[in-house]
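Undergrad: Build me a model from this:
(one chain, ligands or ions: 1)
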Amino acid sequence: MSERLGVHALVWTGQNSVPAIREALTRTDAAGFGLLELNLSAPEALDVAGVAEVFAASPVAPTASLALPADHDVSSTEPATVRRGAARLLSALEALEAIGGGQLCGVLYSALGKYSRAATDAGRRNAVMVVRNLAQEAAGRGMTLALEVVNRYESNLFNTGEGALRFLDEVGEDNVLVHLDTYHMNIEEDDMSAAVRVVGDRLGYVHVGESHRGYLGTGTVDFTSFFRALGEIGYQGCITFESFSSAVVEEALSGTLAIWRDLWTDSDDLARHAGRFITQQLVAGARHD
Ligand code: MN
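TA: Alright, predicted model coming up:
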């Protein structure tokens, strides 16, 4: 399988300990993936040197995403909250650099969670400023950012690819791209191909997830249209399989994402199936003429 294809760590483990990541790397490699996406939501707690060492000993490369809690919300109007969030984002960027990764993705612009009111102009300005500063820090390290578009229950700043482009224009940094996730697109976009075409060459990262977050092809996501559109725009970036089950729990993230159901229990079977599914879809999608 391709070195562009990855699997989210939560397929394997809810732990970020060195032994847990070492085992996740072994299983990621055995399932044929070239990337392991770490959850860097709590970078302070990570043994960065230890994790860097296990990645260096593995053929699997690192990538990372994260989610900010409400008390670290960079789209807040409370300065101390924004500062805490910005500091955590920088810690995550530094950790990923030390581990050898080049692209930080996920919801880097907002808390991850249900907002009960629309975003404010002042809050949006804070989010733009924080992402711009983080992008400049990333550029100095030769790294890029990709902002994940999530559904209405997980952020109030933007929920579509088109909305993400407007936000990127306000940020105004070349190394900030869009991160699309089929699970969220299935909720918010008019169709699975239009959003990909709109984002076009500003697409920097992809999460492939089913409508219920379980086995690919067993839900309602129109993967045929999605992968055909990826073929049309000539997307060559990372594609990471993301799936969650109550069988693997990381308390904070699982709670935020509302993972209450046991959609699978065999991580190895799930990942191998996803690898075959994504590879077939990529081959089919490339034949769009
Ligand atoms: Mn995602």
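
Undergrad: A195 belongs to a helix?
TA: Yes - judged by DSSP: H, G, I helix; E, B strand; the rest coil, A195 forms part of a helix.

Undergrad: Now do the contacts for it.
TA: T160, G161, E162, L180, M185, E189 (Cβ atoms under 8 Å, 6 or more residues apart in numbering). Every C-beta, even on glycine, is put in place using the N, C-alpha and C of the backbone.

Undergrad: List the residues that contact the residue lying closest to D201 once chain neighbours are set aside.
TA: Leaving aside its chain neighbours, D201 sits nearest to I233 (6.9 Å; criterion: Cβ to Cβ, 6 or more residues apart in numbering). Shown in contact with I233 (Cβ under 8 Å, 6+ apart): V196, R197, V199, G200, D201, L203.

Undergrad: for S91, same thing?
TA: Contacts of S91 (Cβ under 8 Å, 6+ apart): P43, E44.

Undergrad: now it: how far from V248?
TA: 24 Å (Cβ to Cβ, to the nearest Å).

Undergrad: Now do the helix or strand bottoming out on mean pLDDT in the chain: everything it contacts.
TA: Sorting the helices and strands of the chain by mean pLDDT, DSSP states H and E puts helix 251-256 at the bottom, at a mean of 86. By Cβ under 8 Å, 6+ apart, the residues outside helix 251-256 that reach it are L10, G14, N39, S41, A42, A67, P69, L112, G113, E154, F244, S246.

Undergrad: Could you look up the SS state of the closest residue to the last one other than its chain neighbours?
TA: Take S246 and drop its neighbours on the chain: the residue closest to it by Cβ to Cβ, 6+ apart is D262, 4.7 Å away. Assigned with three-state DSSP, D262 falls in the coil class.

Undergrad: what sits against D262?
TA: S245, S246, A247.

Undergrad: what about the helices in the stretch 101-250 of the chain?
TA: 121-140, 161-171, 182-188, 194-199, 223-233 (DSSP state H, counting those that start in this stretch).

Undergrad: Please report how far the residue lying closest to W12 once chain neighbours are set aside lies from the ion.
TA: Take W12 and drop its neighbours on the chain: the residue closest to it by Cβ to Cβ, 6+ apart is A24, 4.0 Å away. To the ion, A24 is 17 Å away according to Cβ to the ion, to the nearest Å.

Undergrad: What are the buried residues along the helix or strand just after the least confident helix or strand of the chain?
TA: Going down the chain from helix 251-256, the next helix or strand is helix 267-286, by DSSP states H and E. Neighbour-count burial for helix 267-286 flags S267, L270, A271, R272, H273, A274, G275, F277, I278, Q281, L282, G285 (criterion: 16 or more other Cβ atoms under 10 Å).

Undergrad: Redo those residues as a markdown table? Include distance to the ion and pLDDT.
TA: Listed next are those as a markdown table, based on distance: Cβ to the ion, whole Å; pLDDT from 0 to 100:
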| residue | distance to the ion | pLDDT |
| --- | --- | --- |
| S267 | 17 | 95 |
| L270 | 16 | 96 |
| A271 | 16 | 96 |
| R272 | 20 | 97 |
| H273 | 18 | 97 |
| A274 | 14 | 97 |
| G275 | 18 | 97 |
| F277 | 17 | 97 |
| I278 | 14 | 97 |
| Q281 | 17 | 96 |
| L282 | 18 | 96 |
| G285 | 19 | 93 |
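
Undergrad: Sort out which one of the residues you listed lies nearest P62 for me.
TA: A271 (16.8 Å; Cβ to Cβ).

Undergrad: Pull the number of nearby residues for E3.
TA: 12 (other Cβ atoms under 10 Å).

Undergrad: wait, what's in contact with it?
TA: E3 touches G34, L35, A61, counting by Cβ under 8 Å, 6+ apart.

Undergrad: who in the protein is up against the ion?
TA: D181, H207, E242 (Cβ under 5 Å from the ion).

Undergrad: what about 8 Å?
TA: H8, S65, G106, E148, V150, H179, D181, Y183, H184, H207, G209, E242 (Cβ under 8 Å from the ion).
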